[in-house]
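A.B. asks: A predicted structure for the sequence below; I have some questions about it.
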Amino acid sequence: MDFFGLRPLNASEKQKIVEAFYKKAVKNISVNTIKKSAGPLMLPSHIHPPKLSYEALEGKVAIGVDVGGTNLRIGTGRIKQGKISPLEKIIIAKIGTRYKSLEDFFKVIFDKGLKKYLLDYPDAPLACIFSFPGIGILEKKGVDMILPEDLTKEWAIERSSGSKMGVRLNNFLQKNGIAARNYLFDNDTVALIKDDATDIGIVCATGYNLSFVYGDTIINTEAGSADTAPEIELIASRLKKEIASDAKRDEYQISGKYLGPSLAIVAKEMRDRNKNIFLSVKNFNIDKSFVISDILSGNWPEVMNIFKTDVDFSKEEKSTLTDIASFLRDRSAQIVACHIIGLKKGFFADKNKLVLSSDGPVIQKVPGWTTKFFEEIAELTNHKLEIIINETKYQDEEKEFRGIFDVMYQTIEYFARKEGKLPKTTENK
C-alpha cells in the first residue's frame, strides 16, 4: 500500500545522514554562537560530568525549575541516604509559550511556586532546566545561559535575545525582595550526563536532543535542529504549514510532538483520496506520540477514543494504522542511530562501547523503538559497537520527574565542588 513516501530509510540514505551529521558536528564544535543554519549547533554548557559521590553531598538541598516542554515543574530535592529525594510534592502547571519580556516570564514561574520555595529554602541554589538552545557561560553566581534570537517549540520571549538568564533572574528576584541565588542553567539533555562513565545523553520526548562529554565540559548539540534526513513530502509540508513553520528539522521525524500528528496526516490523506477507509473517524487532530504506542501495543479502545470514533476499526484499518505507526517509529529510531554514529565518528572514534543515558516516552514507551535502534547500530557498525542505554534509576515520584531531579543533583554536585569538596582520586590527587 502506498503511504505517500513513508517507509524505513535504506542503507544509502542512512549513510548520508551519518556523514552529514558528522561533518556538521565537527565543523560547529568550535563555533560558540547560535546561528539560524541547521544544527547540530554544538553548544558548550561549561558543566562538568559529576564526580562526587552521594556521600560527599549528604544533606544538601536544591530548588529545581524545569521549563520548555509541555509543563512547568518546580520542586525541591535533598541528597539523603544514597539518592536525591523530594522534600515536597512537585508543582506542575500549564503555562503559556509567548511572553512580552523575561520579567513577565519570570513572574509566572515566581507566582506558580518558585517564590514559596525561595522563601522556605533561603540557602538552596537554583537548578534550572531551560530546554532551548543557549550558550553556556560562567558567571559569578554559577553557570548561566545566553538566549538566542529565536527559541524553539513555537516559544517566544520578546526582547530577550542575548540575555543572561541567571543574571536577569537574580535581578528580578532582588526587585521582589529576595536575595540573589547561586544558580545553574542547564539543558535537559545536558542534565542526563550523570557521571564520567556516561558518554551521551539522549532525550526523545516532546522534543529531541543529544548531549555528549567533550573534554571537560558537556556539549548540548541541539541535534533536533539538524536537517540530515530526507523528508516525507506530504508530512513535512503539512507540519510546516500547521504547527512547525520555523525550520526544516530532523526533529519532525523523531520526537513525540510530531509523530502523532504525522500519523494523522497520512491517515486523513488516505481517507480523502480513498473514500473507503477511516470514514467513521471524527478527529484527525492528534497530539503527540501516544497514539503510536497505543496502536503498536494493540490498545484499540484508546485508539478509537483518540480518533473519536464509536465504530470499531476494520481489520484493514487496524493493519493500515499499524503499518503507518511502524514506519514512523522505525524512521525515528533509524535517524537517532545515524546521529549517534555521526557523533562517534567525530568524537569517539576509538571507542567500541558507548554508554547512553536516556529519557523520554518515545524511547522508553513506544513498542519496538529500542529494538529497531539497536538493529540499526549493529548494521551501521558491522556489529563492532556496543551500546548501553541506562534509563532512570529513580523511583516513585523521582522517576516521573527525572529531569528536575537530574538538574538538582547536578547543581548540588557543582557547587559542592566549588566549595572544594573534591574526590581524592581526581583533581586533588
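C.D. replies: Great, that's in hand.

A.B. asks: Show the contacting residues for residue 403.
C.D. replies: Contacts for residue 403 were tallied using C-beta atoms under 8 Å, 6 or more residues apart in numbering; they are 66, 73, 129, 188, 191, 359. Placement of C-beta: from N, CA and C, glycine included.

A.B. asks: among those residues, which are in helices?
C.D. replies: Among the contacts of residue 403, no member falls in helices (criterion: DSSP state H).

A.B. asks: most surrounded residue in these?
C.D. replies: Neighbour count (other C-beta atoms under 10 Å) singles out residue 191 as the most crowded of these, with 32 neighbours.

A.B. asks: what's the distance between it and residue 66?
C.D. replies: From residue 191 across to residue 66, the span is 9 Å (C-beta to C-beta, to the nearest Å).

A.B. asks: Now the common contact residues for these two.
C.D. replies: Shared contacts of residue 191 and residue 66, counting by C-beta under 8 Å, 6+ apart, come down to 129, 403, 407.

A.B. asks: Could I get the residues you listed in TSV, plus columns for pLDDT?
C.D. replies: Compiled in TSV, these are given as follows (pLDDT from 0 to 100):
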residue	pLDDT
129	90
403	84
407	92
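
A.B. asks: Can you pick out the ones from those that are in strands?
C.D. replies: Using DSSP state E, residue 129 are the members of the shared contacts of residue 191 and residue 66 that sit in strands.

A.B. asks: of all the shared contacts of residue 191 and residue 66, which comes closest to residue 59?
C.D. replies: Proximity of these to residue 59 (C-beta to C-beta) peaks at residue 407, which lies at 18.7 Å.

A.B. asks: quick one: residue 367 and residue 294 touch, right?
C.D. replies: No - counting by C-beta atoms under 8 Å, residue 367 sits too far from residue 294 to count as a contact (9.7 Å).

A.B. asks: Look at the two and report which has more neighbours.
C.D. replies: Each of residue 367 and residue 294 has its neighbours counted (other C-beta under 10 Å); residue 294 has more, 21 against 16.

A.B. asks: Checking the more buried one next. Helix, strand or coil?
C.D. replies: Residue 294 carries the three-state label helix when classified by DSSP: H, G, I helix; E, B strand; the rest coil.

A.B. asks: so it sits right up against residue 306, yeah?
C.D. replies: Yes - assessed by C-beta under 8 Å, residue 294 is found in contact with residue 306 at 7.0 Å.

A.B. asks: For residue 95, which non-adjacent residue is closest in space?
C.D. replies: Spatial nearest neighbour of residue 95, chain neighbours left out: residue 72 (4.7 Å); criterion: C-beta to C-beta, 6 or more residues apart in numbering.

A.B. asks: how about that neighbour, what does it touch?
C.D. replies: The neighbourhood of residue 72, defined by C-beta under 8 Å, 6+ apart, consists of 65, 66, 91, 92, 93, 94, 95, 108, 109, 112.

A.B. asks: where do the strands sit along the stretch 51-200 of the chain?
C.D. replies: Along the stretch 51-200 of the chain, counting by DSSP state E, counting those that start in this stretch, strands occupy 61-67, 72-80, 83-86, 91-93, 98-99, 126-130, 135-139, 142-146, 156-157, 183-186, 200-204.

A.B. asks: Partner strands of the following helix or strand past the last one, with direction?
C.D. replies: Meaning strand 200-204. Moving toward the C-terminus from strand 200-204, the next helix or strand (DSSP states H and E) is strand 208-214. Strands adjacent to strand 208-214 in the sheet, as given by DSSP bridges, are strand 200-204 (antiparallel), strand 217-220 (antiparallel).

A.B. asks: Name whatever forms a beta bridge with residue 128.
C.D. replies: According to DSSP bridges, the partner residues bridging residue 128 are residue 65, residue 185.

A.B. asks: That one: neighbouring residues, count only.
C.D. replies: Counted with other C-beta under 10 Å, the neighbours of residue 128 add up to 27.

A.B. asks: can I assume it is in contact with residue 170?
C.D. replies: No - under the criterion of C-beta under 8 Å, residue 128 is not in contact with residue 170, lying 11.7 Å apart.

A.B. asks: Spit out the residues that contact the two alike.
C.D. replies: Where contact means C-beta under 8 Å, 6+ apart, the residues bridging residue 128 and residue 170 through contact with each are residue 183.
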